[in-house]
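Asks: please find the sequence and the predicted model below.
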Amino acid sequence: MDAQDTGKAGVGPASFLAAAAALGMMDAAARTARHAPPDDAGQSDPAQALSALLMLRHLREELTGWETGLIETARGAGATWADLAEPMGVQSRQAAERRYLRMRPDADAGTESGSTGEQRVQAVRDQRAADRAVTTWARDNAAELRRLAGQIGALDGLTAAAAPAIERLLDALGNNDPARLLAPLAETRPFLETGHPKIADRLDELTARTDRLR
């Protein structure tokens, strides 16, 4: 591998299989290097050593970027954070998730550019706390939400464009969790502005309440 080729660190492998194959070759090469005979005295070249150090740094940066992709592949295949803890070298599922969040790029983590790993961890915690608060509120106000959803679902005279949103609302109405109604209710709002302004106002109040909880 030419040291100049390592300038694109962070691009990542084309696929999981490509990453697994590359890691297997790196592991085999490292094992071979460990059992190679020692250098003869005075044989070492400073330029070669410096080039090797540069290559090592680029590889380390590259592989750090690979780790998030491999974690996401494992998660997508059904692995839990507890499953990931040992291969990630940590002691608990919480530590595994924290390590992952620290490594994620800002854009992928949904946080502001330049945020630190700890800020990303805290941002995810805050978002989860807000989501729990909204879910709890929805369950405490299930009867009100179901009445409103039923009222909207029974409206006549809505445009054909409203049909998909109404269908999703009725599907959510059949779910046992009233929190599932929140997004479909908000989705129907644009179709109620003209013909049903009072119901649209109720949806605005609902959105304002959930926004305050977030």
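Replies: Received the coordinates, thanks.
Asks: the longest helix seen in the chain packs against which elements?
Replies: For the chain, the longest helix by residue count, based on DSSP state H, is helix 46-76. With contacts taken as 3 or more Cβ pairs under 8 Å, 6 or more residues apart in numbering; DSSP states H and E, helix 46-76 sits against helix 16-34, helix 81-88, helix 93-103. Using the backbone N, CA and C atoms, a C-beta is placed for each residue, glycine as well.
Asks: quick check: which helices or strands does the last one pack against?
Replies: Think helix 93-103. Using 3+ Cβ pairs under 8 Å, 6+ apart: helix 93-103 touches helix 46-76, helix 81-88, helix 117-140.
Asks: list the buried ones in it?
Replies: Neighbour counts over helix 93-103 (16 or more other Cβ atoms under 10 Å) mark A96, E97, R98, R99, Y100, L101, M103 as buried.
Asks: may I have that helix as CSV, with CA atoms only?
Replies: Provided in CSV are the C-alpha atoms of helix 93-103 (Å, rounded to 0.1, in the frame of the first residue of the first chain):
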residue,chain,number,x,y,z
ARG,A,93,-24.6,-2.1,26.5
GLN,A,94,-24.6,1.6,27.7
ALA,A,95,-20.9,1.9,27.2
ALA,A,96,-21.2,0.4,23.7
GLU,A,97,-23.8,2.9,22.7
ARG,A,98,-21.9,5.8,24.2
ARG,A,99,-18.8,4.8,22.2
TYR,A,100,-20.8,4.6,19.0
LEU,A,101,-22.4,8.0,19.6
ARG,A,102,-19.0,9.6,20.3
MET,A,103,-17.7,8.3,17.0
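Asks: point out the most buried one among the helices and strands packed on helix 46-76.
Replies: helix 93-103 (a mean of 18; mean count of other Cβ atoms under 10 Å).
Asks: so that one versus helix 46-76, what angle?
Replies: 120 degrees (axes from the mean of the first three to the mean of the last three Cα atoms, to 10 degrees).
Asks: what's the mean pLDDT across helix 93-103?
Replies: Averaged across helix 93-103, the pLDDT comes to 84.
Asks: got it, and stretch 188-205?
Replies: On average, stretch 188-205 scores 92.
Asks: can you give me the end-to-end span of that stretch?
Replies: Length of stretch 188-205, first residue to last, Cα to Cα, to the nearest Å: 14 Å.
Asks: for stretch 187-203, same thing?
Replies: End-to-end for stretch 187-203, by Cα to Cα: 10 Å.
Asks: could you pull out the buried residues of it?
Replies: E187, T188, R189, F191, L192, H196, I199, A200, R202, L203.
Asks: got those residues as TSV, with secondary structure and distance to T32 columns?
Replies: Output for these, formatted as TSV (DSSP: H, G, I helix; E, B strand; the rest coil; distance: Cβ to Cβ, whole Å):
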residue	secondary structure	distance to T32
E187	helix	59
T188	helix	64
R189	helix	64
F191	helix	67
L192	coil	69
H196	coil	74
I199	helix	72
A200	helix	70
R202	helix	71
L203	helix	66
